[in-house]
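Participant: Could you look at this predicted model? Sequence included:
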Amino acid sequence: MTHIQNVLRNFSIGILATVFLASLFAGTLAPASYAKQFREDPDSPPSRQHWLGTDDLGRDRFSRVLYGTRISLLMAPAAALLAAALAGLLGGAAGYLGGWTERGLMAAADLVLSLPWLFLLLAVRALLPLNVPPLQSVTITFLILGCLGWAAGARVVCAGAKSLRNSDFALQARAQGCSEARLLLRHLAPNLRPLLLAQFWISVPVFILAEANLGVLGLGVSEPLPSWGSLLRELEGLTAISGKPWVFVPLLLLIISVTAFQALLMDQEMPS
Amino acid sequence: MRPIAVLLAKHAARILLITLAGGFLALALTRLAPNVDEREFDVRLSDESRAAIRQSHEAERNVFHFYWAWLRGLAHGDLGVSQTLNRPVTELLSERLPVTGRLLGWGLLTGWALGLGLALPLAFLRGGIFDMGASTIAALFLCLPAAVLGLLFVLLRAPAALALGLLVFPKIFRYARTLLQQSANLPHVLTARAKGLGSVRVLLWHYLPPAAGQWLALLAVSIPVALSAAVPIEVVCDLPGIGQLAWKAALARDLYLLVCLTGIVTLTTVVAKSLSDVLGEGLRSVA
């Protein structure tokens, strides 16, 4: 690793840690609750009381950004974890068992991958109830992301499990009378862990962006709960880009965070 | 000749199966999703009318029957009638497909032009400020949600196809850069350079042909990427294409429309992938 890459990596970790910690302590750092309305002060510019001004409903934008960051940065990794777990389970089963199980599961993965990601996401999200309590909307949004994001990972894990199944050490373990369950849990699963970890880290920025897309289109986290996606909806009401530059802070934060994730992933990037 | 025929038959079967499965998936999801017909709340309706409405939905709930009936209609060129727009689906598609086609065409062209325009010089200018600058620009657009870029383009009154191109370009650039870097280290390229061949000749004769299959795969991958980005772009830019139609159909749970659009999108993606596979295979056998 070159010196520049090392610096970039440390810088990215620093940025992500700062943003994550700030959002984690949103309760302490935010001057108001994300839902509190300052009705005498709607759509106000930045001031000492409201660092990023207030939105159309008079809610403190800085507080909403902090709470929104917390939701996006906590839920995207949770969804990525679910996607990686599903990929591990289904891809591992397909690769290890082979035969019709592999064909069936990989056909399902092919089908999911044949539909463009955002198209699939929008269709599935729109089919579920839209008027749900805010917390339920967070769960639905990120559960969908997790449940639909398994396919690409499953193919990678399947290929890995297949090569491990036929490897020398697996053959030797079988010859020594090792049970299938032990072989799977003690020998194969640890070797698949790096693949799953890579899939997890690749999924996090993808899911952050997907939630932002859903949010802008009104299918993400519902009001009054903020997320990066729902905060970006404010851009819809803008008529000029230079009118209210502070409205772009959530977008800037999203770009910085996703760029930091991408920078961390850059070394692992492989062509398909 | 025979292996090519087998290959084509395999791909045709794959295309057919995946497209049919895609349509069925959309239908099953729509029918199984929690849904109440708003007409049932109309106080003017009698109990018998409400029961009839429920009965009609019960018939639709059998996804296998519904899908079979739809496929029979498809065989006769009848794609059904949109429940929300109250118009034949074929009519809607004929109006909107050209809009999406144009958007995708220009978007892909822009994306490829930008991606290759920045990646090709890197085949000869490895490292340095140009590489860092190009990578930074690509990374920036990779981090922008499609819907947000669409909104920014609406604010700037810029063409939507350019927004789509900017969303496709980072992926093209990154893969193209990797492909070119891999080609740069191949022995025959090093030999050609050592023999003093010109940059353009090395590029056209020694860099690109050996990786033709991978370039074709990249072209195939760029189509679903563009299709995926076209949906939010069309929604936020208010472009009457099939992306916007899919969005409306999904929100209104318009069964015929959704099944049709999912089928079209799946078909486009699978055909693009299969074409790249077949062409890649052909190129390899020729080589």
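Facilitator: Arrived safely. Numbers count the residues shown, from 1 in each chain, chains lettered A, B, ... in the order given.
Participant: Which strand or helix spans the nearest residue to residue A:160 once chain neighbours are set aside?
Facilitator: Spatial nearest neighbour of residue A:160, chain neighbours left out: residue A:195 (5.0 Å); criterion: C-beta to C-beta, 6 or more residues apart in numbering or on different chains. All C-beta spots, glycine's among them, are computed from the backbone N, C-alpha and C. For residue A:195, the host element (DSSP states H and E) is helix A:189-216.
Participant: I'd like the average pLDDT over that helix.
Facilitator: Averaged across helix A:189-216, pLDDT comes to 92.
Participant: quick one on the thing from earlier: might you report the residue contacts of the residue nearest to residue A:160?
Facilitator: Contacts for residue A:195 (C-beta atoms under 8 Å, 6 or more residues apart in numbering or on different chains) come out as A:156-157, A:160.
Participant: And the strands in the stretch 51-200 of chain B?
Facilitator: Here the stretch 51-200 of chain B has no strands by DSSP state E, counting those that start in this stretch.
Participant: Chain A contacts on that one?
Facilitator: B:139-140, B:142-148, B:151-152, B:155-156, B:174-175, B:178-179, B:182 (C-beta under 8 Å from any C-beta of the partner chain).
Participant: again, only using 10 Å
Facilitator: When proximity is defined as C-beta under 10 Å from any C-beta of the partner chain, the stretch 51-200 of chain B approaches chain A at B:127, B:132, B:135-136, B:138-148, B:150-152, B:154-156, B:170, B:174-179, B:181-182.
Participant: Could you give me the PyMOL syntax to select whichever of those are buried?
Facilitator: Of those, the buried ones can be selected in PyMOL as follows, counting by 16 or more other C-beta atoms under 10 Å in any protein chain shown:
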select buried, chain B and resi 135+138+139+141+142+143+144+145+146+147+148+150+151+152+154+155+170+174+175+176+177+178+179
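Participant: related to what we said a few turns ago, now, which of the contacts of residue A:195 lie within helices?
Facilitator: Judged by DSSP state H, the subset of the contacts of residue A:195 located in helices is A:156-157, A:160.
Participant: returning to that earlier point: by neighbours, which of the contacts of residue A:195 wins?
Facilitator: Most neighbours among those, by other C-beta atoms under 10 Å in any protein chain shown: residue A:157, with 27 neighbours.
Participant: And the closest residue to that one other than its chain neighbours, how far from residue B:284?
Facilitator: Closest residue in space to residue A:157, ignoring its immediate chain neighbours: residue A:91 at 3.0 Å, by C-beta to C-beta, 6+ apart. For residue A:91, the distance to residue B:284 equals 28 Å [C-beta to C-beta, to the nearest Å].
Participant: And those two? Which one has more around it.
Facilitator: With neighbours defined as other C-beta under 10 Å, residue A:91 and residue B:284 compare such that residue A:91 has more, 32 against 10.
Participant: from what I can see the more buried one touches residue A:151, true?
Facilitator: Yes: assessed by C-beta atoms under 10 Å, residue A:91 is found in contact with residue A:151 at 9.1 Å.
Participant: residues shared between the contacts of these two?
Facilitator: Taking C-beta atoms under 10 Å, 6 or more residues apart in numbering or on different chains as the criterion, residue A:91 and residue A:151 both touch A:105-106, A:109.
Participant: Show me where the stretch 151-287 of chain B has its helices.
Facilitator: Assigned by DSSP state H, counting those that start in this stretch, the stretch 151-287 of chain B shows helices spanning B:160-184, B:187-194, B:199-202, B:212-236, B:242-252, B:255-286.
Participant: any idea of the pLDDT on residue B:61?
Facilitator: Value for residue B:61, per-residue pLDDT: 64.
Participant: now residue B:78
Facilitator: Looking at residue B:78, its pLDDT stands at 85.
Participant: so how far is chain A from it?
Facilitator: According to C-beta to the nearest C-beta, to the nearest Å, residue B:78 and chain A sit 23 Å apart.
Participant: Tell me, how many residues neighbour the closest residue to residue A:244 other than its chain neighbours?
Facilitator: Nearest residue to residue A:244 in three dimensions, chain neighbours excluded: residue A:238, at 6.8 Å (C-beta to C-beta, 6+ apart). For residue A:238, the count of nearby residues is 16 (other C-beta under 10 Å).
Participant: do the same with residue B:108
Facilitator: Neighbourhood size, residue B:108 [other C-beta under 10 Å]: 22.
Participant: Residue A:61 too?
Facilitator: Other residues close to residue A:61 by other C-beta under 10 Å number 25.
Participant: who are the neighbours in contact with the residue most central in space within chain B?
Facilitator: Note on chain B: the residue nearest the mean C-alpha position is residue B:224, at 2.6 Å, using C-alpha atoms, centre = their mean. By C-beta under 10 Å, 6+ apart, residue B:224 lies in contact with A:113-119, B:265-266, B:268-270, B:272-273.
Participant: can I get these in TSV with neighbour count, pLDDT and distance to residue B:160?
Facilitator: Shown next, in TSV, are these (neighbours: other C-beta atoms under 10 Å in any protein chain shown; pLDDT from 0 to 100; distance: C-beta to C-beta, whole Å):
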residue	neighbour count	pLDDT	distance to residue B:160
A:113	19	85	26
A:114	25	80	25
A:115	26	80	22
A:116	23	80	17
A:117	24	82	20
A:118	26	79	15
A:119	26	80	17
B:265	28	87	18
B:266	26	87	24
B:268	19	89	19
B:269	26	87	21
B:270	25	87	26
B:272	19	87	21
B:273	23	84	25
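Participant: and which of these is nearest residue B:208?
Facilitator: Set against residue B:208, the nearest of the contacts of residue B:224 by C-beta to C-beta is residue B:272 (20.0 Å).
Participant: Would you agree the closest one is in contact with residue B:227?
Facilitator: Yes: contact criterion C-beta under 10 Å: residue B:272 and residue B:227 qualify, at 9.4 Å.
Participant: Chain B versus residue A:19, what's the distance?
Facilitator: Residue A:19 sits 14 Å away from chain B when distances are taken as C-beta to the nearest C-beta.
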